[in-house]
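J.: How does the following fold in three dimensions:
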Amino acid sequence: LYICGYSAGGTVALKLALDGLETTEIERPDALLLFSPALAVNAFSVFADWHKLLTIFPFFEKFAWFTINPEYEPFKYTSFAKHAGGQMYRLARIVQKQVDRLERQGKLGDLPPVTAFQSVVDSTVINTALVTEFYDKLVPNHSELVLFDVNQHLHVKHFIKERYRTNILGIEQTESLPYTLTIIT
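T.: Residues are numbered from 1 along each chain as shown. Below is the predicted model of the structure:
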């Protein structure tokens with residue numbers, strides 16, 4: 001059984017696998033494949049549901065959206081509902097607490113191998129959380145993290161924000177990782 005998830009689906013896939021460590025009623029997967037999992041989103045997302053006070057009135061119904069645009073992008077929504085941001089924030093917090101709890105209980109080692117793909121310039125999720133809130137807490141079990149780096153070509157490098165390179169350097173300089181790290185530039 002392989003469970004795959006993209007963005008919020010990656011978080012749900014991880015939640016399902018973590019739940020499988022805490023109950024026998026859920027079948028444990030053999031492996032997880034996560035694509036840009038949303039393990040952390042902007043902290044301001046906690047306030048995303050403020051619009052509910054106004055959107056009950058028809059005049060304010062568009063306040064329920066951060067943006068409303070034509071949907072032409074096949075891999076990402078161009079419109080974004082505020083309620084979705086609030087729900088994603090709550091789910092990410094639940095998963096983070098569950099990871100911490102299972103780590104303290106010594107059960108995180110029973111998690112199947114996890115392969116995750118993440119861009120270092122993802123503007124939707126906080127991509128460093130995948131490392132700090134999850135991968136750094138794993139025990140060696142053949143998990144792999146694949147990071148898509150920015151263009152490091154000398155002529156382009158000056159236009160790239162330094163924080164993206166700093167994030168990868170911090171991981172690369174760690175001597176012993178409990179997972180395999182692959183960086184694609």
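
J.: Check whether the residue nearest to L39 when sequence neighbours are not counted sits in a helix, strand or coil.
T.: With Cβ to Cβ, 6 or more residues apart in numbering as the criterion, L39 has its nearest non-adjacent residue at 4.7 Å, and that residue is A129. Any C-beta I mention is one placed from the backbone N, CA and C, and that applies to glycine too. Following DSSP: H, G, I helix; E, B strand; the rest coil, we place A129 in the helix state.

J.: got the contact list for A129?
T.: 39-40, 92, 96 (Cβ atoms under 8 Å, 6 or more residues apart in numbering).

J.: Out of the helices and strands in this structure, which is least certain?
T.: Of all helical and strand segments in the chain, the minimum by mean pLDDT, DSSP states H and E falls on strand 65-67, at a mean of 55.

J.: Would you mind measuring from D136 to L130?
T.: Using Cβ to Cβ, to the nearest Å, D136 is found at 10 Å from L130.

J.: So between these two, which is more surrounded?
T.: Using other Cβ atoms under 10 Å, the more surrounded residue of D136 and L130 is L130, with 25 against 13.

J.: ok, that one - contacts?
T.: Per Cβ under 8 Å, 6+ apart, neighbours of L130: 37, 39, 116, 118, 145.

J.: confidence score at it?
T.: Model confidence at L130, given as pLDDT, is 88.

J.: This structure: strands as residue ranges?
T.: For the chain, the strands defined by DSSP state E cover 2-6, 31-35, 65-67, 80-81, 114-119, 144-148, 180-184.
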